[in-house]
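[1] prediction below, plus the sequence it came from.
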Amino acid sequence: MSTAWAIYHQLVALQREIYLAFGDRIGQFASTGDWSLLAAYLPMGIVFGAAHALTPGHSKAVLATYLTGSTATMPRGLAISLILSSVHVSMSVVIVLAALPLVSVTLGSVGSAPLLENLSRGLLGLIGIWMLWQGVRGVPHQHQGQGLAVGFAAGLIPCPLTLFIMTFAVTRGVPEAGVAFAFVMIIGVGLVLATVALAAILFRQQLIRLLASRPTVVDRVTRTIQVTAGIILMLVAVNATADG
């Protein structure tokens, strides 16, 4: 068994242990209404969110691709990762609270949401086309809203585990417990995505710094990265889900 596969299984096992333990806490909370029983366990939601975000998915590849090909600064990259993680988790909360009886009919089976996935891919495809055009034309400026739109679009696909947690909490009659755990999860997911964002920006900045004495090469490399990022986003929109 490879190291990566072993780590993946460890992350899955950790998530399962936390999920089962939280299920017990939800049962106790539903019976007693004692918030202290639930609050004492909520910090584990950070670990749960981080472990979950480290497994494949959660648009890490989309985030890294965009930030490598953009001109986003570190604060902007952190803002994009925060939006992505917040939308990714909160979308599941909204779906369960507002449309639990209609999830399987309108959005697909629990754990997936074809309508939102298609919308996410469509938005990312448009952004990819825009980045491709900017790279080909050599347009250096990027609107600040473009990066925020990437975070929102990539986060539109709801988090499957949050859907399960929210559904479990709602069926026990304590949706507030699921909401509390979900929003603590955002911290863990956000920490992982923020690390990905900073790594991508640092890579781009270091590459440009190495070529700083050759401005013509910098321009060509920057445009090439931007075009490549645009093409990748377009391919994500056409051939795969945005949850990469």
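    That came through fine. Numbering: from 1, shown residues only.
[2] all contacts plus neighbour counts: C-alpha atoms, from now on.
    Noted.
[3] so where do the helices sit in this protein?
    Under the criterion DSSP state H, the chain contains helices at 3-32, 35-39, 44-54, 60-69, 74-99, 114-137, 144-155, 160-171, 175-210, 215-239.
[4] can you list contacts of the least confident helix or strand in the chain by mean pLDDT?
    None of the helices or strands of the chain scores lower by mean pLDDT, DSSP states H and E than helix 114-137, at a mean of 72. If you take Cα atoms under 8 Å, 6 or more residues apart in numbering as the criterion, helix 114-137 is touched by 106-108, 140, 146, 150, 153-158, 222-224, 226-238, 241-242.
[5] from the residues you listed, list the buried ones, please.
    Neighbour counting by 16 or more other Cα atoms under 10 Å classes 107, 146, 150, 153-158, 222-224, 226-237, 241-242 among these as buried.
[6] so which of the helices of the chain is the most packed in?
    Highest mean neighbour count of the helices of the chain: helix 60-69, a mean of 24 (counted as mean count of other Cα atoms under 10 Å).
[7] restrict that one to CA atoms and write it as CSV.
    Taking Å, rounded to 0.1, in the frame of the first residue of the first chain, the C-alpha atoms of helix 60-69 are listed here in CSV:
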residue,chain,number,x,y,z
LYS,A,60,-8.4,22.4,-4.4
ALA,A,61,-7.1,21.9,-8.0
VAL,A,62,-9.4,24.6,-9.3
LEU,A,63,-8.3,27.1,-6.6
ALA,A,64,-4.6,26.4,-7.2
THR,A,65,-5.0,26.6,-10.9
TYR,A,66,-6.8,29.9,-10.8
LEU,A,67,-4.4,31.5,-8.3
THR,A,68,-1.3,30.3,-10.2
GLY,A,69,-2.6,32.0,-13.4
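[8] output the contacting helices and strands for it.
    helix 144-155, helix 175-210, helix 215-239 (3 or more Cα pairs under 8 Å, 6 or more residues apart in numbering; DSSP states H and E).
[9] in JSON lines: those, plus mean pLDDT and distance to Leu20.
    Listed next are the helices and strands packed on helix 60-69 as JSON lines, based on pLDDT from 0 to 100; distance: least, Cα to Cα, whole Å:
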{"stretch": "helix 144-155", "mean pLDDT": "82", "distance to Leu20": "26"}
{"stretch": "helix 175-210", "mean pLDDT": "92", "distance to Leu20": "13"}
{"stretch": "helix 215-239", "mean pLDDT": "76", "distance to Leu20": "34"}
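[10] Tyr41: which of the ones you listed is closest?
    helix 175-210 (9.0 Å; Cα to Cα).
[11] next, the angle from the closest one to helix 215-239.
    If you take axes from the mean of the first three to the mean of the last three Cα atoms, to 10 degrees, helix 175-210 sits at 150 degrees to helix 215-239.
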